[in-house]
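J.: 3D model of this:
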Amino acid sequence: MSLHFSVLASGSTGNAFYIGTDNQKLLVDAGLSGKQMERLMNEVNIDPSELDGILVTHEHSDHIKGLGIMARRYQLPIYANEKTWMAMEDQIGKISTDQKFEFPMASVKDFGDIEVESFGVSHDAAEPMFFVFRNGGKKVALATDMGYVSDRIKKTIEDADAYIFESNHDVEMLRMGRYPWNVKRRILGDKGHVSNEDSAIALTDIIGNRTKRIYLAHLSQDNNMKDLARMSVANILNERGIPLGNSIDLYDTDPKSATPIYTLNDV
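T.: Numbering: from 1, shown residues only. Next comes the predicted model:
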């Protein structure tokens, strides 16, 4: 068995994630226009008409901008928790009743041969949640849009084979940047976003023996840079006895281009 995935887009302007097996194909969020979503999926040779559903993390526009379009165009079921449904219904247009499904927070659902566990995060949305995906002996954790990484989250996502993990901002860039103070305070707060430093500190607690890949995700276009995020996280991991380059590698993500499909084989 194998689990394959691509970070289709990640950043403050749009987010989408694909994960699948030979039998099941899931999209998480659709935070870009329908046309852009189709382009990104085409980059990694995924046919949107073959998707089995779309999972929604929360109702912010950078996660649901193309959700209604994709669902209607390809007749895809949408899975979200009750509060997220209530918060996003006015934003995504009319969705047929037979395409609406509830996926409660802190629950587990089977989508064919992919087991998906949802977990709550601290973020300024109605009821934001992210996911752990399992197939055979493999585990992929998707965790962004977090004000902080709680012990509960760490326990849920520990020792994954691959992480798509928030590294949103450099604190000094944010403090010195052009954003008004109320926005800076929101980002730095417990319901905002995780910084490069806090991302690395959390990763030191959750990386396990089977961890091989870490994708730094949801980078701010104004308050971070790929090289800076990678260097900041790598330095802290190295300082804490987790050297990179032997068995664990860091990867960039981008708001406009997809990462190559990567396959985790259960061997």
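J.: and residue 3, how far from residue 115?
T.: Residue 3 sits at a distance of 10 Å from residue 115 (criterion: CB to CB, to the nearest Å). C-beta coordinates here come from the backbone N, C-alpha and C atoms, glycine included.
J.: hang on, I meant residue 24
T.: From residue 24 to residue 115 the distance is 11 Å (CB to CB).
J.: same question, residue 122
T.: Distance from residue 122 to residue 115, by CB to CB: 24 Å.
J.: also residue 185?
T.: 38 Å.
J.: which of those two has more neighbours?
T.: Shown here are residue 185 and residue 115; by other CB atoms under 10 Å, residue 115 has more neighbours (15 against 11).
J.: what about that one, which SS state?
T.: Look at residue 115: counting by DSSP: H, G, I helix; E, B strand; the rest coil, its state is strand.
J.: what's the closest non-adjacent residue to it?
T.: With sequence-adjacent residues excluded and distances taken as CB to CB, 6 or more residues apart in numbering, residue 115 is closest to residue 134, at 4.3 Å.
J.: pretty sure that neighbour is touching residue 111, no?
T.: No - in this structure residue 134 lies outside contact range of residue 111 using CB atoms under 8 Å: 10.8 Å.
J.: hmm, back to that, what is in contact with residue 3 and residue 115 at once?
T.: Overlap of the contact sets of residue 3 and residue 115 (by CB atoms under 8 Å, 6 or more residues apart in numbering) consists of 133, 134, 135.
J.: beta-bridge partners for the second one, please?
T.: Beta-bridge pairing of residue 134, defined through DSSP bridges, involves residue 115, residue 139.
J.: so who does it touch?
T.: Applying CB under 8 Å, 6+ apart, the residues contacting residue 134 are 3, 114, 115, 116, 117, 140.
J.: could you do the first one as well?
T.: Counting by CB under 8 Å, 6+ apart, residue 133 touches 3, 5, 19, 114, 115, 116, 139, 140, 141, 142.
J.: looking at these, which is nearest residue 255?
T.: residue 142 (16.0 Å; CB to CB).
J.: and stretch 260-267, what's buried?
T.: 262, 264 (16 or more other CB atoms under 10 Å).
J.: coming back round to it: buried only: go through the contacts of residue 134 for me.
T.: 3, 114, 116, 117, 140.
J.: which SS class is residue 146?
T.: coil.
J.: mind pulling up the pLDDT for the spatially closest residue to residue 93 that is not a sequence neighbour?
T.: Leaving aside its sequence neighbours, residue 93 sits nearest to residue 68 (CB to CB, 6+ apart; 4.0 Å). pLDDT for residue 68: 98.
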